[in-house]
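S.K.: okay, here's the prediction I keep looking at, along with the sequence it came from:
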Amino acid sequence: MPAKKRRNARLKLQPLFYRRYLYFEKVKLIPEPPRTDGNYRAYKREHLQQLRFVRRCRDLGFTVDQVRELLQLSLQSERDCSGVDRIAAKHLMGVERKIADLKSLAAELRRIKRRCPGNRTIADCRILEALSPGNASRRGLGSAPAG
């Protein structure tokens, strides 16, 4: 077996990794790798490095457009990194906003949970009462509409 084929065999992608790669190819984040004579994708280390970078960015919540811009900036090694900083700062603001929303949600759920010790009947459940719009009667929640 030629050295190139052996190297590509070592770089064989796991099924989930492969599906992600195909998705990132489809949205044009990662270039399609060259093909072998048998029409198989010939992945190189550079492809896997790009894939890992994209996956890490996506795992951290960067949008596809932000990742695309980060990839483009990463190719301009002599340029200052203010563009990267701008993208990270904008993303951080969004993350901090989500954290504040989640903290507010957690406080509301704790407040609702304190209203019901969990030893009542469903008909007297204070959690369902608190979740009902306007704390109106819960009649009909989870059941078919009367007709």
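M.R.: Cool, the structure landed. Numbers count the residues shown, from 1 in each chain.
S.K.: could you say which helix or strand holds Ala106?
M.R.: Ala106 belongs to helix 82-114 when assigned by DSSP states H and E.
S.K.: so which bits of that helix are buried?
M.R.: Across helix 82-114, burial judged by 16 or more other CB atoms under 10 Å covers 87, 91. The C-beta positions use only the backbone N, C-alpha and C, and glycine is treated the same way.
S.K.: that one packs against which elements?
M.R.: helix 64-74, helix 126-131 (3 or more CB pairs under 8 Å, 6 or more residues apart in numbering; DSSP states H and E).
S.K.: and the shortest one, how far from the chain's centre?
M.R.: When distances are taken as CA atoms, centre = their mean, to the nearest Å, helix 126-131 is centred 31 Å away from the chain's centroid.
S.K.: could you say what helices and strands it packs with?
M.R.: Using 3+ CB pairs under 8 Å, 6+ apart, the elements in contact with helix 126-131 are helix 82-114.
S.K.: give the contact list for Gln50.
M.R.: With contacts defined as CB atoms under 8 Å, 6 or more residues apart in numbering, Gln50 is in contact with 30, 71.
S.K.: any idea which element it lies in?
M.R.: helix 45-59.
S.K.: check which residues of that helix are buried.
M.R.: Result for helix 45-59 [16+ other CB under 10 Å]: buried residues 47-48, 50-51, 53-54, 57-58.
S.K.: where does the chain have low pLDDT?
M.R.: The chain contains residues with pLDDT under 70 at 1-17, 134-147.
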